[in-house]
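Colleague: here you go, sequence then predicted model.
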Amino acid sequence: MDYRLLNGKPRATLIQRFDGSAVLLGPKALKFEFDIGATLREIQTKADQLGWVVAIEHLHKEREGITG
């Protein structure tokens, strides 16, 4: 299976848990945990460092408005 977008970066999924923590799931089942209160900007920065792009986000309403 090809996990890359057209720009060549692997895709990742960002999921916010009900307790406010988050997990970033990347290709080959790699995952990174984020504590409660981590900003979307922090998470996107980590994805960029790994060479990933967040393709899918599952965020709760109050978090969707956070821009960093």
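Modeller: Happy to help now that I have it.
Colleague: list the neighbouring strands of the host helix or strand of Val23 plus their orientation.
Modeller: For Val23, the host element (DSSP states H and E) is strand 22-25. Sheet pairing of strand 22-25 (DSSP bridges) gives strand 11-16 (antiparallel), strand 31-34 (antiparallel).
Colleague: now those strands in a markdown table, with mean neighbour count and mean pLDDT?
Modeller: C-beta: built from backbone N, CA, C; applies to glycine. Formatted as a markdown table, the strands paired with strand 22-25 follow (neighbours: other C-beta atoms under 10 Å; pLDDT from 0 to 100):
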| stretch | mean neighbour count | mean pLDDT |
| --- | --- | --- |
| strand 11-16 | 19 | 91 |
| strand 31-34 | 14 | 96 |
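Colleague: now the ones you listed as a markdown table including distance to Gln49?
Modeller: Below are the strands paired with strand 22-25 laid out as a markdown table (distance: least, C-beta to C-beta, whole Å):
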| stretch | distance to Gln49 |
| --- | --- |
| strand 11-16 | 12 |
| strand 31-34 | 10 |
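Colleague: the helices in this structure, which residues?
Modeller: Applying DSSP state H to the chain gives helices spanning 40-50, 61-64.
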